[in-house]
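Undergrad: I would like to see how this sequence folds:
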Amino acid sequence: MINKSYIFICCLLAGLVVNAQEVDDMMQLESLFNLDIQHSEVVSNKVAEAVVAEKNDVVPEKVVVQVAAVSQLSKDELELQLAAARGEIERLKGIVDRILVANRRERAKMQYNMGCLYRHGGHKLKAKEAFLAALKLNPSDSAIHYNLGILYEEDLKMPVKAHEHYKRFLELAPNDKDAGKVYEWMKALE
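TA: Numbers count the residues shown, from 1 in each chain. Prediction:
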């Protein structure tokens, strides 16, 4: 169970300066991703102001004492809540990291597909831009290097660049079914 005060305190302890709107945004993200977190209370502006006023001196013990004074909870109760909040924040960071990785992979796939479509449609420069955008998002995708090599060799007449991408393709996927072909293409470019 986590609430806004937990998030706010943990962010402060982690050295992040947040305001009430950012905490609300975090709460909305939680509900968006169905994280099954129940919110039992809302931190008052008075608590937020008391903690933010001392943000230059953010020490866990000091934050606990300040929040306890304002919220009328005992120091022990707040320390328990704080420990629970720290664990919850770590769990949420893991979830957010997994979401970001999945999002990055999907964006890379989209850019890769756009590159294939542009190349097929005869838009060489747009294909190059899309493939490079995909490569920026996922530099270890052998298919992107494979298609960039072909694009540079056949369409853009840039054999040095083609060779670079063919070489990287072979490094990433030495057992790929097209590895033999790519090796031959590299030899022809030398």
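
Undergrad: residues contacting the closest residue to residue 172 other than its chain neighbours?
TA: Of all residues not flanking residue 172 in the chain, residue 142 sits nearest, at 3.9 Å (C-beta to C-beta, 6 or more residues apart in numbering). Bear in mind the C-beta positions are built from the backbone N, C-alpha and C, glycine included. Shown in contact with residue 142 (C-beta atoms under 8 Å, 6 or more residues apart in numbering): 168-169, 172-173, 176.

Undergrad: Can you check these and name whichever has the most neighbours?
TA: residue 169 (27 neighbours; other C-beta atoms under 10 Å).

Undergrad: which ones are touching that one?
TA: 142, 145-146, 149, 176, 179, 182.

Undergrad: Just these: which are in helices?
TA: Within those, residues falling in helices by DSSP state H are 142, 145-146, 149, 179, 182.

Undergrad: Residue 157: which of the residues you listed is nearest?
TA: residue 149 (12.9 Å; C-beta to C-beta).

Undergrad: thinking again about what came up before, tell me the one of the contacts of residue 142 nearest residue 118?
TA: residue 169 (19.6 Å).

Undergrad: give me phi/psi at the closest one?
TA: Phi and psi for residue 169, reported as degrees, to the nearest 10, are phi -60, psi -50.

Undergrad: Over to residue 178?
TA: Torsion angles, degrees, to the nearest 10, at residue 178: phi -100, psi 0.

Undergrad: With residue 176 instead?
TA: The phi/psi pair for residue 176 (degrees, to the nearest 10) is phi -60, psi 150.

Undergrad: Which secondary structure element is home to residue 118?
TA: helix 75-120 (DSSP states H and E).

Undergrad: that older thread, would you mind checking the ones in helices among the contacts of residue 169 for buried ones?
TA: 142, 145-146, 149, 179, 182 (16 or more other C-beta atoms under 10 Å).

Undergrad: so can I have JSON lines of those showing distance to residue 96 and pLDDT?
TA: Shown next, in JSON lines, are these (distance: C-beta to C-beta, whole Å; pLDDT from 0 to 100):
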{"residue": "142", "distance to residue 96": "28", "pLDDT": "94"}
{"residue": "145", "distance to residue 96": "29", "pLDDT": "95"}
{"residue": "146", "distance to residue 96": "32", "pLDDT": "96"}
{"residue": "149", "distance to residue 96": "35", "pLDDT": "95"}
{"residue": "179", "distance to residue 96": "37", "pLDDT": "93"}
{"residue": "182", "distance to residue 96": "38", "pLDDT": "93"}
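
Undergrad: helices and strands around the helix or strand containing residue 127, which ones?
TA: Using DSSP H and E, residue 127 sits in helix 124-137. Helix 124-137 is packed against helix 75-120, helix 142-150, with contacts defined by 3 or more C-beta pairs under 8 Å, 6 or more residues apart in numbering; DSSP states H and E.
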